[in-house]
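*Asks:* here's my sequence, what's the structure:
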Amino acid sequence: MQFHPRSRARSTNPRVRSWATVKEAKALGFAGYKVGMTHLLINDTNKNSLTKGKDIFCPVTVVECPPLKTSSIVFYKNADKGTKIVGELFADSVDKELSAKVLDHKKKGQEVADFDFIRIQCYTQPKLTGIGKKQPDVFEVAVGGNKEQQLAYAKDKLGKEITINEVFKEGQMLDIHAITKAKGFQGARKKFGIRLRSHKSEKSIRNPGSLGAWRGQGHMMWRIAHAGKMGYHLRTEYNKWLVKIGNKPDEINVKGGYVNYGLVKNNYVLIKGSLTGVQKRLVRFTDPIRQKKVAFEPQITYTSLESKQGR
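*Replies:* Below you'll find the predicted structure:
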């Protein structure tokens, strides 16, 4: 029940519900497209580690991060039940790929004086990648600092590009927001991890068995593990380690290209461990909201560029 309700996501564009509090005036999030995995050898510089000074194995996920562009500034005000939009200031022009998706950019909008905080509406540039997609993904990003700093930063970036180097730095922690892989219709054992019934059980082995009191109310209770569609959920992973921010794709492109993706053509990030979702899917990362670990900047001694084709 930790993830109840197990509802499927509305789209492949993950939403962010909570933002960290940062005093610096900057964008608090970024986005990229998942490429695949490789591995590094890094020199452990953590003074509290048992492997201090040694080269250790580090699996990483590659995320391609072409620059984001800002299309508008959204002004919010706190209300009795949440927040409400009180105004929006649009950029003078946006890419033609976005104009087919968002029509409000034709309006000029106006700046609002009475607001509590702002968000900047950004869109990706998948046309710069090799994933075969042109239509950008649109989402809002929070801005750090007080109201005056937020407004000054947003007006400076309106209609311009934001790169990954302006938002994050190597060695810090991130929160990852993504949509999991869809697995279709699955049984109760795979979906909920229930145990197999005895081989002497009647009818089936892999179902929940006799439900007894769980159906005494005249209907089947929702807590029962039942077969159904599995996956395609919005999930957030906290405190993922940002190992590297790179701007030279040749340093990370493997022989033959990444499986189901191809070659990296833009700026990229390496994040320790695996990430939610499949190749070519949008991944959003934000400043950590509950950071507990002490991050350090790694020293990479080897990057695997061997083929991932299994040959």
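*Asks:* list the buried residues for the longest strand seen in the chain?
*Replies:* Secondary structure of the chain read by DSSP state E shows that its longest strand is strand 29-43. Neighbour-count burial for strand 29-43, with 16 or more other C-beta atoms under 10 Å as criterion, is recorded at Gly29, Phe30, Ala31, Gly32, Tyr33, Lys34, Val35, Gly36, Met37, Thr38, Leu40, Ile42. Where you see a C-beta, it was placed from the backbone N, CA and C, and this is true even at glycine.
*Asks:* so how far is that strand off the chain centroid?
*Replies:* Mean-position distance between strand 29-43 and its chain equals 12 Å (C-alpha atoms, centre = their mean, to the nearest Å).
*Asks:* what helix or strand is Val269 on?
*Replies:* Per DSSP states H and E: Val269 is located in strand 268-272.
*Asks:* let me fix that, I meant to ask about Gly184.
*Replies:* Using DSSP H and E, Gly184 sits in strand 182-186.
*Asks:* list the helices and strands that strand packs on?
*Replies:* Under the contact criterion of 3 or more C-beta pairs under 8 Å, 6 or more residues apart in numbering; DSSP states H and E, strand 182-186 touches strand 228-231.
*Asks:* what residues of the strand it packs on count as buried?
*Replies:* In strand 228-231, counting by 16+ other C-beta under 10 Å, buried: Met230.
*Asks:* run through the protein and note the low-pLDDT ranges.
*Replies:* 1, 100-108, 211-216, 311 (pLDDT under 70).
*Asks:* okay, the longest helix belonging to it in PDB with CA atoms only?
*Replies:* When the chain is parsed with DSSP state H, its longest helix is helix 147-157. The C-alpha coordinates for helix 147-157 follow below in PDB (Å, rounded to 0.1, in the frame of the first residue of the first chain):
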ATOM      1  CA  LYS A 147      10.300  37.200  -5.100                       C
ATOM      2  CA  GLU A 148      12.400  40.000  -6.500                       C
ATOM      3  CA  GLN A 149      15.300  37.600  -7.300                       C
ATOM      4  CA  GLN A 150      12.900  35.200  -8.900                       C
ATOM      5  CA  LEU A 151      11.400  37.800 -11.200                       C
ATOM      6  CA  ALA A 152      14.800  39.300 -12.200                       C
ATOM      7  CA  TYR A 153      16.100  35.800 -13.100                       C
ATOM      8  CA  ALA A 154      13.000  34.800 -15.000                       C
ATOM      9  CA  LYS A 155      12.900  38.000 -17.000                       C
ATOM     10  CA  ASP A 156      16.600  37.600 -17.900                       C
ATOM     11  CA  LYS A 157      16.000  34.000 -19.100                       C
END
